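Student: sequence first, then the predicted structure, then my questions.
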Amino acid sequence: MASSSRVRVFLGCSVDGFIAGPDNDLSFLHGPNPPNPPAPSDGYLTYQAFMSQVGVLLMGRQTFDVVSAMDIDWPYGDTPVLVATHRPLEGAPSTVRAVAGDIRGLIAEAKATAGDRDVYLDGGNLARQGLDAGLVDELCLTLLPVLLGGTGTRLFDGLVQTHLMEFVGHHTGENGMVQLTLRPRPSSSRAAT
């Protein structure tokens, strides 16, 4: 029986498309608070609401290392996390395990782990691989009102083909953020999952 889970990307980025600044700096994601921020509009998907739909995270090793180095509690709670890596994950929480293979195999394993819940594809490299393989069902991008310039990690640098998308939602959030939800166009050729 095929899994009904969706493969979703949920990321914050600068207006100029960066998901991380120099040296994987993520401080811009928590940016300055304007004096009178607008309240989130109806339909704005909070991180907590998104995570309530997720059965597993599939993330790249660099993303895992950046999150692990932060001075915070493990942000994914009891949600299983699969890390695409060939190196040991020393000191990882018990909910984390290493996986290896091509993007199709990684996503198939993630879907099997997620059951009927969604797969959260996290990290720029895996998100790009998933898009190029035609395996991403939805992108939810929260744009922060900041331009980082020419430094850092851009979300879409490295895509190898054009992807026709359709906007299926746009909402405002606190601190001037704008959230865009996109899906591949139905007429686009999609890889079988």
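Tutor: That came through fine.
Student: tell me what Leu182 is bridged to.
Tutor: Leu139, Phe167 (DSSP bridges).
Student: max-length helix in this protein?
Tutor: Ranked by residue count under DSSP state H, the longest helix found in the chain is helix 103-114.
Student: checking the nearest residue to Pro88 once chain neighbours are set aside next. Helix, strand or coil?
Tutor: Nearest non-adjacent residue to Pro88, counting by CB to CB, 6 or more residues apart in numbering: Ala98, 7.2 Å away. Where you see a C-beta, it was placed from the backbone N, CA and C, and this is true even at glycine. Classification of Ala98 by DSSP: H, G, I helix; E, B strand; the rest coil places it in strand.
Student: any idea what Ala98 is bridged to?
Tutor: For Ala98, the beta-bridge partners are Val83 (DSSP bridges).
Student: hmm, back to that, and the longest helix of the chain, what other elements does it pack with?
Tutor: Contacts defined by 3 or more CB pairs under 8 Å, 6 or more residues apart in numbering; DSSP states H and E place helix 103-114 against strand 7-14, strand 54-60, strand 81-84, strand 118-122, helix 124-132.
Student: if we go to 7 Å?
Tutor: strand 54-60, strand 81-84, strand 118-122, helix 124-132 (3 or more CB pairs under 7 Å, 6 or more residues apart in numbering; DSSP states H and E).
Student: okay if I get the ones you listed as JSON lines plus mean pLDDT and distance to Trp74?
Tutor: Below are those laid out as JSON lines (pLDDT from 0 to 100; distance: least, CB to CB, whole Å):
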{"stretch": "strand 54-60", "mean pLDDT": "96", "distance to Trp74": "11"}
{"stretch": "strand 81-84", "mean pLDDT": "97", "distance to Trp74": "9"}
{"stretch": "strand 118-122", "mean pLDDT": "97", "distance to Trp74": "14"}
{"stretch": "helix 124-132", "mean pLDDT": "94", "distance to Trp74": "19"}
